[in-house]
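> Build me a model from this:
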Amino acid sequence: MSETKGIYVGPDNTLSFRAWPEQYRPVEGQALVKVEFSGVCPADLKHGMHFGLNDNICGYELCGTVIDRGPACVFRVGDVIFGSNATDRNKPRSHGGHQSFAIAEDDHMWLPVPNGLPHADAAVLSTMVRTAADAIFNTFKIPQIFSNVPATIGETGAILVWGGASTVGLATIQLAKAAGISPIFTTASVKNHEALIRLGATKCFDYHHPHVVEEIQSALDESRVPLKYVLDAVVTRGPDSTTIKVESLRSTQEVKYASVLPVPGNPKWTMVVAARGHDFPSPGGFAKAQPELEVALREASIWAAANYNNGFVVPNVRVIRDADAALEAIQLSADGKISFEKIALQHPLLGPTTQN
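The predicted structure follows:
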């Protein structure tokens, strides 16, 4: 193992490209991974902004080759694996995703890369699929799709995905389709509507339109299927917030609401996360691990990887090798300025002289 290079997020949530000589050593069930690609997601910075999880190596998800293993590790040296490490209040430096070598934790969040799944795509798959699965199968309690029992279209009610071109939105639309949910309504920029329809959305709405809520309500009324599930995959704040908008929609059934960020003071909303087997960030602090809910997240990851390009896909994966461009991409992702694509960082990153 040579010098490690990676992206550091400071206590003030600023990003920098650094290098250090530390040699990681896997213990027990851990694997040491030579990182080929790591995936950029909003949580890379937002967990620092909202939960104080910073002053560490940035990122969670990656794909790479096992180069060393603890004595209880299920993987062998030479295996190519993908997955993500859990959010942790005291995350070791070795567990950050955006670096050239990283430790894969001893848990159920890592899988071998199957044939047919490109490595860059594998690196960006874990967090989006797991978060969407937490909404679909844990919060909404929609029957799981992993038993090979055919889904019955339309039996459970309509779903609205606000922010369908976000990474979690893309994954939710595809899991909802696989689970037999219909209709699937979503909001996105007009340029993304056609592609979202191909992925499984029934109808798309332009969130820029001043009467978008009325248009969605009209479509619900026309479908004669009650709204039952809502995922807010973007969560904007203020008097014109997305959560306020979707709560104004009428339904003849009780609606279950899920969001990718906490909605303070509103118990209707459940924040969805990418890991349930560990304590996880929640409004007011960290919530206790719920290992029984972790099962659906792992099974969804297995299903998405096994059915890649045949039931599930990440439509646009952009690979970045330059360190400065990587820092910019992480910031843009946290600011909600990247849509309908996932960014994979190829390691080792190339850039200016790094800091120690």
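> drop to CA atoms for contacts and neighbour counts, all remaining ones
Fine.
> nearest residue to the spatially most central residue of the chain other than its sequence neighbours?
For the chain, the residue nearest the mean C-alpha position is residue 128 (2.4 Å; C-alpha atoms, centre = their mean). Nearest residue to residue 128, sequence neighbours excluded (C-alpha to C-alpha, 6 or more residues apart in numbering): residue 168, at 4.8 Å.
> any idea which helix or strand carries that neighbour?
helix 167-178 (DSSP states H and E).
> residue ranges for the helices of this structure, please.
Secondary structure of the chain by DSSP state H: the helices cover 43-51, 119-123, 125-133, 167-178, 193-199, 212-223, 242-247, 291-306, 323-334.
> do you know which of the ones you listed lies nearest residue 108?
helix 291-306 (6.7 Å; C-alpha to C-alpha).
> Contacts for that closest one next, please.
For helix 291-306, the external contacting residues (C-alpha atoms under 8 Å, 6 or more residues apart in numbering) are 108-109, 111, 113-114, 117, 122, 125-126, 129-131, 133-134, 137-138, 144, 146, 274-278, 311-313.
> Restricted to strands, list those.
Among the contacts of helix 291-306, the ones falling in strands (DSSP state E) are residue 111.
> Please check the contacts of helix 291-306 and keep the buried ones.
Buried members of these, counted by 16 or more other C-alpha atoms under 10 Å: 108-109, 111, 113-114, 117, 122, 125-126, 129-131, 133-134, 137-138, 144, 274-278, 311-313.
> hang on, the earlier thing: quick check: angle from the helix holding residue 168 to helix 125-133?
Angle between the axes of helix 167-178 and helix 125-133 is 60 degrees (criterion: axes from the mean of the first three to the mean of the last three C-alpha atoms, to 10 degrees).
> Would you check that the residue nearest to residue 128 makes contact with residue 133?
No: counting by C-alpha atoms under 8 Å, residue 168 does not reach residue 133; the two are 9.4 Å apart.
> Quote the end-to-end distance of stretch 104-120.
17 Å (C-alpha to C-alpha, to the nearest Å).
> swap in stretch 238-248?
Start-to-end, stretch 238-248 (C-alpha to C-alpha) is 15 Å.
> What residues of the helix holding residue 168 count as buried?
For helix 167-178, using 16+ other C-alpha under 10 Å, the buried residues are 167-178.
> That helix - contacts with which helices or strands?
helix 125-133, strand 158-162, strand 184-188, helix 193-199 (3 or more C-alpha pairs under 8 Å, 6 or more residues apart in numbering; DSSP states H and E).
> Now the third one: average pLDDT?
The average pLDDT within strand 184-188 is 97.
> neighbouring strands for that strand, and are they parallel or not?
Next to strand 184-188 in the sheet, as set by DSSP bridges, lie strand 158-162 (parallel), strand 203-206 (parallel).
> Now do the longest one: everything it contacts.
Counting by C-alpha under 8 Å, 6+ apart, strand 158-162 makes contact with 169, 172-173, 181-188, 220, 225-234, 242, all of which sit outside it.
> the bottom helix or strand of the protein by mean pLDDT?
strand 280-282 (a mean of 68; mean pLDDT, DSSP states H and E).
> And residue 195, how far from residue 44?
26 Å.
> same check, this time on residue 308
Counting by C-alpha to C-alpha - residue 308 and residue 44 are separated by 25 Å.
> Tell me which of those two has more neighbours.
With neighbours defined as other C-alpha atoms under 10 Å, residue 308 and residue 44 compare such that residue 44 has more, 26 against 19.
> isn't that one right up against residue 61?
No: Residue 44 is not in contact with residue 61 according to C-alpha under 8 Å; the separation is 9.6 Å.
> could you dump the strands paired with strand 184-188 to TSV with mean neighbour count, distance to residue 3 and mean pLDDT?
Formatted as TSV, the strands paired with strand 184-188 follow (neighbours: other C-alpha atoms under 10 Å; distance: least, C-alpha to C-alpha, whole Å; pLDDT from 0 to 100):
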stretch	mean neighbour count	distance to residue 3	mean pLDDT
strand 158-162	27	43	97
strand 203-206	20	47	98
